[in-house]
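Visitor: any chance you can model this:
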Amino acid sequence: MTLLSSLCRCYCRGEALIAKLAPLFALAARLYVAKAFFLSGLTKIRDWDTTLLLFTEEYQVPFLTPPIAAVLATGGELALPVLLVLGLFGRFAAAGLFILNAVAVISYPGLAPIQLKDHLLWGVLLAYLLIHGCGAWSFDRLWQGHCGRKPFG
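Guide: The predicted structure is shown next:
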């Protein structure tokens, strides 16, 4: 056995071991992002008058009136994280939250650098979930198995 073949075998074993962590990583990403958005939605419904004022005075959401933007943002922040945590229509939920996150960054010019860093992290995690799916520990994966389709992501 050559040194190269030993290194290749060792690398392949390590890669297989790390690949087994993918469902855990996907679940952790789903929980982390969902918590941030869901808590934001709860804050919005807790004081609806302030939410409307913010959407009227501070946030400059393009193409939507402030009341409609407030309702859509709040609804998205409350419903989509639940789907994401369950991994039910996970890519849809990740895409919706990705768009919501992007609109938040664009529409609020007063975002501090630390807040922008959070939004970038959420965006990267949501892009990962959108591209790779919610992983093996999701209702999407269960559903795909019952539909007779080969599971993906």
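Visitor: ok, the closest residue to F139 other than its chain neighbours to A112 distance?
Guide: Nearest residue to F139 in three dimensions, chain neighbours excluded: L88, at 4.2 Å (Cβ to Cβ, 6 or more residues apart in numbering). Any C-beta I mention is one placed from the backbone N, CA and C, and that applies to glycine too. Distance from L88 to A112, counting by Cβ to Cβ, to the nearest Å: 34 Å.
Visitor: show me the shaky parts of this protein.
Guide: 148-153 (pLDDT under 70).
Visitor: mind running it again at 90?
Guide: 1, 60, 62, 109-110, 143-153 (pLDDT under 90).
Visitor: can you pull out the helices in the chain?
Guide: Along the chain, counting by DSSP state H, helices occupy 3-19, 22-46, 48-57, 66-86, 90-107, 113-132, 139-146.
Visitor: can you put the ones you listed in CSV and add mean neighbour count?
Guide: Listed next are those as CSV, based on neighbours: other Cβ atoms under 10 Å:
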stretch, mean neighbour count
helix 3-19, 10
helix 22-46, 17
helix 48-57, 14
helix 66-86, 19
helix 90-107, 19
helix 113-132, 15
helix 139-146, 15
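Visitor: which residues touch the residue most central in space within the chain?
Guide: Most central in the chain under Cα atoms, centre = their mean is L126, positioned 3.5 Å from the mean C-alpha point. By Cβ atoms under 8 Å, 6 or more residues apart in numbering, L126 lies in contact with V33, A94, A95, L97, F98, N101.
Visitor: got a list of what the fifth one touches?
Guide: Going by Cβ under 8 Å, 6+ apart, F98 touches G123, L126, A127, L130.
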